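attaching a predicted model along with its sequence, questions to come.
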Amino acid sequence: MNDFTPWPGSAAERYRAAGYWQGETFSAWLNGLAARFGDRVAVVDGARRWTYASLNEAASRTAGAFEDLGVSRGDRVVVQLPNIGEFLPVVLGLFRLGALPVFTLPSHRRAEIGHIAAATDAVAYVHPGVWERFDYHELAAEVSGTAPALRHVITPDTVRSRPFEGTDVSAGDVAFLQLSGGSTGLPKLIPRTHDDYLYSVRASAEICRLSSETVYLAALPVAHNFTMSSPGVLGVLHAGGRVVMCPAPSPAVAFPLIAAERVTMTALVPPLALVWLDAAAHSDVDLSSLELLQVGGARLSDEAAARVEPVLGCALQQVFGMAEGLVNYTRHDDPPELVVGTQGRPISPDDEIRIVNASDVEVAAGEVGHLLTRGPYTIRGYYRADAHNAVAFTADGFYRTGDLVRQLPSGHLVVEGRAKDQINRGGEKIAAEEVENHLLAHPAVLDVSVVAVPDPVLGERTCAYVILRAGAAALTAGEVRAFVRSRGLAAYKIPDRVEFVSEFPQTAVGKISKARLRRGEGLS
Ligand SMILES: O=C(O)c1cccc(O)c1O
């Protein structure tokens, strides 16, 4: 099993020669930031402030603390932290030590954390203690039994020690594992290197015109690839700006923080953008500092896109990205019809885009097809997933994104749909097969099919079509949902709707037709 699929030597050479890969580690990068921006404020969490110098120092102490525990270079550490100031010293400290954070979301539960800890042989798990009335100590206790390599369960307040100066990490090393949205039964892990990720961060900061005057509100979960790097908290630090940690993305929490900290930009998923637009129309909180709202994670409707500037008084930027790599942005000087009606164009001149039909043949210019991509910050393989990699990538290293897009002459992409078996629930990606596998574990369930159904706010919700076993006692929708919850799945993956049927609609060749199921056809 391969942990990491390297870029071919010729491609790597090209990316270095072009200046994309600069041979810089996150640790060296952070030292450079501390030297340049030392006393400026880097991170704000409530009344607490970290300057660039104190962030660098805190990262070193975190690295020292992990080393004292016996964690070393190359070890995996599951990180499940919400938007709190400590997120950055923990993650930057692990980078400095050369240990690999494995990013998970606060909403993940026993099924996800247990799988991820076991699949990565994680030696440590960092959690927030109690957050949003959920006790992660209990989750940690449950997970410990199923992850044999797990030796340390840590809350961030316990990781202080002597400073550590890391040296032997190299920029070509994997820096961390990010979680894939995925379409398979178990979540896949994405290995990103210092070189490739820092390129996407630097280039994103430039495209988004960040500066030391930028004040970024981290409203979406900070461990999400969007919030972390597009340009996200890392891009803002790169520019010498200020990151404001927002504990929840609701207007009630976020708007006062925008006013108090004079926030200049933030990033949202479409359902939150709708909520913000509604709230801003009736709010007297001063949002005048806001210059840019980024929206990504799912398709924003053209109508909502058009309302951003008049209602919030700031520019809109659409972002279409994936933790596997490729990120597209609309640009500040794009004409309004491109900003409102497209999902942007790639970061890099060396992002290769192919749009193909089901036989991998290029479609005509402007036609809708499957998006394939490769480039200087797009992975060539998932972590320890050789069999899946054989289908998720072409023989010549293009990643099959599973998205259906068309490309305009300007290079901008319009997302038209999706070919992968996934539900995009307001930006939270759900692999149908993962939920189906949990439902199939119920003794009364004969077969199940999980599909997306349209929703005016979230864009899509999940519906589970269930066929019960002959003679099994009847189940209610509530019992089915409670069963999925009892399996320890994140709440966003619990089916919104459950329908009991006696058979599934079929395609002409006798396979289950998820397309017809989504439309509610052929049911009995
Ligand atoms: O995964 C995503 O949806 C995403 C969206 C915007 C920007 C990104 O980097 C992303 O990974």
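Alright, I've got the coordinates.

CA atoms for contacts and neighbours, from now on please.
OK.

what does the closest residue to the ligand within the stretch 101-250 of the chain show for phi and psi?
Nearest residue of the stretch 101-250 of the chain to the ligand: Phe226, at 3.7 Å (CA to the nearest ligand atom). The phi and psi values for Phe226, taken as degrees, to the nearest 10, are phi -60, psi -50.

measure how far the top helix by length along the chain is from the centre of its chain, please.
Scanning the chain for the helix with the most residues, using DSSP state H, yields helix 52-69. Taking CA atoms, centre = their mean, to the nearest Å, one finds the center of helix 52-69 at 25 Å from the center of the full chain.

same for it, what does it pack against?
helix 26-37, strand 41-45, helix 87-97 (3 or more CA pairs under 8 Å, 6 or more residues apart in numbering; DSSP states H and E).

Asn437 is nearest to which of the ones you listed?
Comparison of the helices and strands packed on helix 52-69 against Asn437 by CA to CA identifies helix 87-97 as nearest, at 32.4 Å.

counting by contacts, list what that closest one packs against.
With contacts defined as 3+ CA pairs under 8 Å, 6+ apart, the packing partners of helix 87-97 are helix 26-37, helix 52-69, strand 100-103.

avg pLDDT for the helix or strand following the second one?
Heading C-terminal from helix 52-69, the first helix or strand you meet, by DSSP states H and E, is strand 76-79. Mean per-residue pLDDT for strand 76-79: 98.

then strand 76-79 to CSV, C-alphas only?
This file holds the C-alpha atoms of strand 76-79, laid out as CSV (Å, rounded to 0.1, in the frame of the first residue of the first chain):
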residue,chain,number,x,y,z
ARG,A,76,0.0,10.7,12.2
VAL,A,77,-2.0,12.7,14.7
VAL,A,78,-5.8,13.1,14.4
VAL,A,79,-6.7,16.7,14.9
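
partner strands of that strand, parallel or antiparallel?
Strands that pair with strand 76-79, judged by DSSP bridges, come out as strand 100-103 (parallel), strand 124-126 (parallel).

redo those as TSV? Include mean neighbour count, distance to Gly478 and mean pLDDT.
Below are those laid out as TSV (neighbours: other CA atoms under 10 Å; distance: least, CA to CA, whole Å; pLDDT from 0 to 100):
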stretch	mean neighbour count	distance to Gly478	mean pLDDT
strand 100-103	26	31	98
strand 124-126	23	33	98
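
quick one: which of these is nearest Pro409?
Taking the strands paired with strand 76-79 one by one with CA to CA, strand 100-103 is closest: 36.6 Å.

quick one: contacts of whichever helix or strand comes after that closest one?
Downstream of strand 100-103, the next assigned helix or strand under DSSP H and E is helix 110-119. Residues outside helix 110-119 that contact it (CA atoms under 8 Å, 6 or more residues apart in numbering) are 78, 104, 125, 139, 142-144, 146-150, 186-187, 487-490.

ok, 6 Å please
143, 147, 488-489 (CA atoms under 6 Å, 6 or more residues apart in numbering).

make CSV out of the helices and strands packed on helix 87-97 and add distance to Phe393.
Putting the helices and strands packed on helix 87-97 into CSV (distance: least, CA to CA, whole Å) gives the following:
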stretch, distance to Phe393
helix 26-37, 28
helix 52-69, 35
strand 100-103, 22
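
which one of those is the most hemmed in?
Mean neighbour count (mean count of other CA atoms under 10 Å) peaks for strand 100-103 among those, with a mean of 26.

isn't Phe103 up against Leu81?
No. The pair Phe103 and Leu81 does not pass the contact test of CA atoms under 6 Å, sitting 8.7 Å apart.

returning to that earlier point: how about the helices and strands packed on helix 87-97, which one is nearest the ligand?
strand 100-103 (12.6 Å).

quick check, that closest one touching the ligand?
No. Judged by CA under 6 Å from any ligand atom, strand 100-103 stays clear of the ligand, getting no closer than 12.6 Å.

all set now, cheers.
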